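*Asks:* Quick check, what structure comes out for this input:
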Amino acid sequence: MAGISFAKERRKLQAIKAKARPKYSTTELVSLGEKRYQKLKTQLEPAHKNEFVAIEVDSGDYFVDRDSTRALLKAQKQYPQAIFYLARIGYPAAFSMKGHLTLL
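*Replies:* Purely as a prediction, here's the structure:
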């Protein structure tokens, strides 16, 4: 992200978390978010593949950006007390972990 330091980005996300008031358990939020995403999938994937979408699960409103933090900040501006479902458009997970784990 040009012009924004990692520390500043982390502070913004911490501010979002501090203001958020969980209405659903994590399991419920994921379930509702996945249902909303499935309804939006055909609309979003052609034009926004590999971008992030933050979905407010009660209203169905969504916020798209190439950067996950910006998508969440857009959503938080509209819904300051909400927790959002975040997805990477066209992929099964928003983020992936590279590398491997050696088991003893």
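
*Asks:* quick one, strands of this structure?
*Replies:* 52-55, 62-65, 85-88 (DSSP state E).

*Asks:* check contacts around the spatially most central residue of the chain.
*Replies:* Among the residues of the chain, the one closest to the centroid is Leu86, at 2.1 Å (C-alpha atoms, centre = their mean). Leu86 is in contact with Phe52, Val53, Ala54, Ile55, Ser68, Ala71, Leu72, Ala94, counting by C-beta atoms under 8 Å, 6 or more residues apart in numbering. Placement of C-beta: from N, CA and C, glycine included.

*Asks:* Tell me what the fourth one is bridged to.
*Replies:* By that I understand Ile55. Ile55 forms beta bridges with Tyr62, Tyr85, as assigned by DSSP bridges.

*Asks:* Give me the mean pLDDT for whichever helix in the chain runs longest.
*Replies:* Using DSSP state H, we find that the single longest helix of the chain is helix 26-48. The pLDDT scores in helix 26-48 average 94.

*Asks:* Let the chain start at 22 from now.
*Replies:* Okay, residue one is now 22; in that scheme the one you just asked about reads as helix 47-69.

*Asks:* buried ones in it?
*Replies:* Leu50, Leu53, Gly54, Arg57, Tyr58, Leu61, Leu65, His69 (16 or more other C-beta atoms under 10 Å).

*Asks:* now stretch 30-50
*Replies:* Glu30, Lys33, Ile37, Leu50.

*Asks:* between those, which is nearest Tyr100?
*Replies:* Ile37 (10.4 Å; C-beta to C-beta).

*Asks:* hang on, isn't the closest one packed against Gln97?
*Replies:* Yes: here Ile37 reaches Gln97: they are 4.8 Å apart, a contact under C-beta atoms under 8 Å.

*Asks:* Show me what the helix or strand bottoming out on mean pLDDT in the chain is in contact with.
*Replies:* Lowest on mean pLDDT, DSSP states H and E among the helices and strands of the chain sits helix 27-40, with a mean of 74. Helix 27-40 has contacts (C-beta under 8 Å, 6+ apart) with Met22, Thr90, Leu93, Leu94, Gln97, Pro101, Gln102.

*Asks:* Can you say which two of those are spatially most distant?
*Replies:* Met22 and Gln102 (25.3 Å).
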